[in-house]
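Q: Here's a sequence, model it:
(chains A, B, C and D)
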Protein chains: 2
Amino acid sequence: MISDMTLIEETSPRERIVEAADRLFNARGVNSVGMDQLRDAAGVSLKRLYGVFPTKEDVILAVLEKRHRMWTDAVEARIAAAPDARGKVLAVYDFLTDWFRDVDFRGCMFINTFAELGATSPRVAAAIQEHKAGFQRRLADLVTELGGPPSLAAQLALLAEGAQTTAAISGGSDAAAQAREAAITLIDVALTPGR
Amino acid sequence: MISDMTLIEETSPRERIVEAADRLFNARGVNSVGMDQLRDAAGVSLKRLYGVFPTKEDVILAVLEKRHRMWTDAVEARIAAAPDARGKVLAVYDFLTDWFRDVDFRGCMFINTFAELGATSPRVAAAIQEHKAGFQRRLADLVTELGGPPSLAAQLALLAEGAQTTAAISGGSDAAAQAREAAITLIDVALTPGR
DNA sequence: CACTTTAGAGAACGATCGTTCTCTTCGCAA
DNA sequence: TTGCGAAGAGAACGATCGTTCTCTAAAGTG
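A: The predicted structure follows:
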């Protein structure tokens, strides 16, 4: 025994499960992926799978947590790289542009999962609402730094959400560019002293 | 025999099936409703159900068609009641306001169904894309009447889509009002000669 | 080495799904 | 009345789901 704490040699079973679940859930939806396929994709026995996650709902919640973390980190990296407050707000749409170009993009998993389980699983619904609320809060902070009113933040959030569903359904990554253009207009108007 | 054409005495079995399916699909999602529950809700035998719709996918397509018709009719009624071109564009968001207030509102069924079946059923995916494309075309026509550029129509569509997902997930019908406000701003800027 | 614990492989279980089949009843033409 | 086609009620089927159980091999401990 090398250490008394659990040691991660390559990648832990938990990580492999979450990673495989993320990939499969994103590609085919939550309900279309069975636990057996999860076991095969993760290279883990069913016993261990259920040892780590007692329920499929727990797997889903873990995937959503990971998505939330990666999404937030990627957006924050974009924001941090922007030079000024205005650029920080627009960085959100730059992130969307890159994201929509990803070959694996199949829409926002939070929106998709809410459509599948929102009416059935309260825990999943709450996690999704928390994610969206967190994004809106972050956007509100950025808008406040910019000197804009809270109503502007709400409008910018609508543009981001609309871009995600439009990109998912109609395809094409230009939804992000259109959202960015609209955001620029809304910001300029909100920050113009006259009117 | 009263007539040689099929006579609709009360409501036809087909209508009853589609109406029940619409209500159940909207409330719990497409995959969570079985054909047996559909039979019970429609008051129809399984044999007749499968006689009218050979497949569950056909039921879903029929429900989407009905939704598309009712959605389009309701929006067009709002548009027709507006006095001028600008009001006709804003009528779209007035419709959203009313819609989100409906106690049965559970998000846009097209978005929800795409999340559930978009990756699995090409026919369903195509119907959904056609619905969204039709909305964008109608919006583009209204914007053209207004004298605005096509890019404005795309931006206004993003606001409408974002309002629908936001209202579905975060609840509250104020998403429509926020979208309307943003739309006013975008329209005003696009129609202002200077700049 | 003997023994206990652990974990892997996968069969099995009960539920539910979409779909089909069986059985029975009913309405109606001859 | 007799015979027949249509339709309702619901059992049944095969597949798949989430979850649990069994069996066996391996590994750590005395």
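Q: When you work out contacts or count neighbours from here on, use the C-alpha atoms and nothing else.
A: Will do.
Q: what's the pLDDT at A:Ala153?
A: At A:Ala153, the model reports a pLDDT of 97.
Q: shouldn't it be in contact with A:Gln136?
A: Yes - A:Ala153 lies in contact with A:Gln136 (Cα atoms under 8 Å); the separation is 7.3 Å.
Q: neighbour-wise, which of the two wins?
A: Neighbour count, other Cα atoms under 10 Å in any protein chain shown: between A:Ala153 and A:Gln136, A:Ala153 has more, with 25 against 18.
Q: Spit out the contact partners of the more buried one.
A: Shown in contact with A:Ala153 (Cα atoms under 8 Å, 6 or more residues apart in numbering or on different chains): A:136, A:139-140, A:143.
Q: Spatially, what comes nearest to it if we skip its sequence neighbours?
A: Closest residue in space to A:Ala153, ignoring its immediate chain neighbours: A:Ala140 at 5.0 Å, by Cα to Cα, 6 or more residues apart in numbering or on different chains.
Q: what's the strand or helix carrying the one you found in contact with?
A: Following DSSP states H and E, one finds A:Ala140 within helix A:122-146. Identification of contacts with helix A:122-146 by Cα under 8 Å, 6+ apart yields A:57, A:60-61, A:64, A:68, A:85-86, A:88-89, A:110-111, A:114, A:117-119, A:149-150, A:152-154, A:156-157, B:169-170.
Q: With DNA strand D in mind, check whether that helix reaches it.
A: No - with Cα under 7 Å from any atom of the strand as the criterion, DNA strand D is not reached by helix A:122-146; the gap is at least 13.5 Å.
Q: near chain B, which residues of chain A?
A: A:27-29, A:31, A:111-116, A:119-120, A:128-129, A:132-133, A:151, A:154-155, A:157-163, A:165-166, A:169-170, A:175, A:178-179, A:182, A:185-186, A:189 (Cα under 8 Å from any Cα of the partner chain).
Q: hey, where'd the helices end up in chain A?
A: Assigned by DSSP state H, the helices in chain A fall at A:13-28, A:35-42, A:46-52, A:56-81, A:85-101, A:109-117, A:122-146, A:150-170, A:174-191.
Q: Run through the neighbouring helices and strands of the third one.
A: Using 3 or more Cα pairs under 8 Å, 6 or more residues apart in numbering or on different chains; DSSP states H and E, the elements in contact with helix A:46-52 are helix A:35-42.
Q: now check the helix it packs on, is it near DNA strand C?
A: No - Helix A:35-42 lies apart from DNA strand C when judged by Cα under 7 Å from any atom of the strand; the minimum separation is 8.3 Å.
Q: could you give the angle of that helix to helix A:13-28?
A: 110 degrees (axes from the mean of the first three to the mean of the last three Cα atoms, to 10 degrees).
Q: Number of residues surrounding A:Leu152?
A: For A:Leu152, the neighbour count with other Cα under 10 Å is 23.
Q: For chain B, what's the nearest residue on chain A?
A: A:Gly162 (3.5 Å; Cα to the nearest Cα).
Q: which residue packs closest to that residue, ignoring adjacent ones?
A: In space, A:Gly162 is closest to B:Gly162, 3.5 Å off (Cα to Cα, 6+ apart).
Q: my guess is the one you found meets A:Leu158, correct?
A: Yes - taking contacts as Cα under 8 Å, B:Gly162 lies within contact range of A:Leu158: 4.5 Å.
Q: what about chain A, any weak spots by pLDDT?
A: A:1-10, A:194-195 (pLDDT under 70).
Q: DNA strand D contacts on that one?
A: Counting by Cα under 7 Å from any atom of the strand, the residues of chain A that sit close to DNA strand D are A:31-36, A:46-47, A:50, A:54-57.
Q: Drop anything exposed from these.
A: Buried members of the residues of chain A next to DNA strand D, counted by 16 or more other Cα atoms under 10 Å in any protein chain shown: none.
Q: residues in contact with A:Ser173?
A: Each residue near A:Ser173 by Cα under 8 Å, 6+ apart is listed here: A:97, A:100-101, A:167.
Q: I'd like those as JSON lines, with distance to B:Ala81 and neighbour count appended.
A: Conversion of the contacts of A:Ser173 to JSON lines gives the following (distance: Cα to Cα, whole Å; neighbours: other Cα atoms under 10 Å in any protein chain shown):
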{"residue": "A:Thr97", "distance to B:Ala81": "38", "neighbour count": "22"}
{"residue": "A:Phe100", "distance to B:Ala81": "38", "neighbour count": "23"}
{"residue": "A:Arg101", "distance to B:Ala81": "41", "neighbour count": "15"}
{"residue": "A:Ala167", "distance to B:Ala81": "32", "neighbour count": "24"}
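Q: Can I get the buried part of the contacts of helix A:122-146 as one PyMOL selection?
A: Selection of the buried residues among those in PyMOL, burial being defined by 16+ other Cα under 10 Å:
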select buried, (chain A and resi 60+61+64+68+85+86+88+89+110+111+114+117+118+119+152+153+154+156+157) or (chain B and resi 169+170)
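Q: and the closest residue in space to A:Phe95 that isn't next to it in sequence, how many residues sit next to it?
A: Nearest residue to A:Phe95 in three dimensions, chain neighbours excluded: A:Val75, at 6.2 Å (Cα to Cα, 6+ apart). Neighbour count of A:Val75, defined by other Cα under 10 Å: 19.
Q: cool, A:Val63 as well?
A: Around A:Val63 there are 23 residues (other Cα under 10 Å).
Q: can I see the domain layout of chain A?
A: A:10-54, A:60-191 (automatic domain parsing).
Q: what is the orientation angle of the helix holding A:Ala140 with helix B:150-170?
A: Using the same axes, to 10 degrees: helix A:122-146 against helix B:150-170 is 130 degrees.
Q: And the contacts of stretch A:76-95?
A: Residues from elsewhere that reach stretch A:76-95 (Cα under 8 Å, 6+ apart): A:74-75, A:139, A:142-143, A:145-146, A:160, A:176-177, A:179-180, A:183-184.
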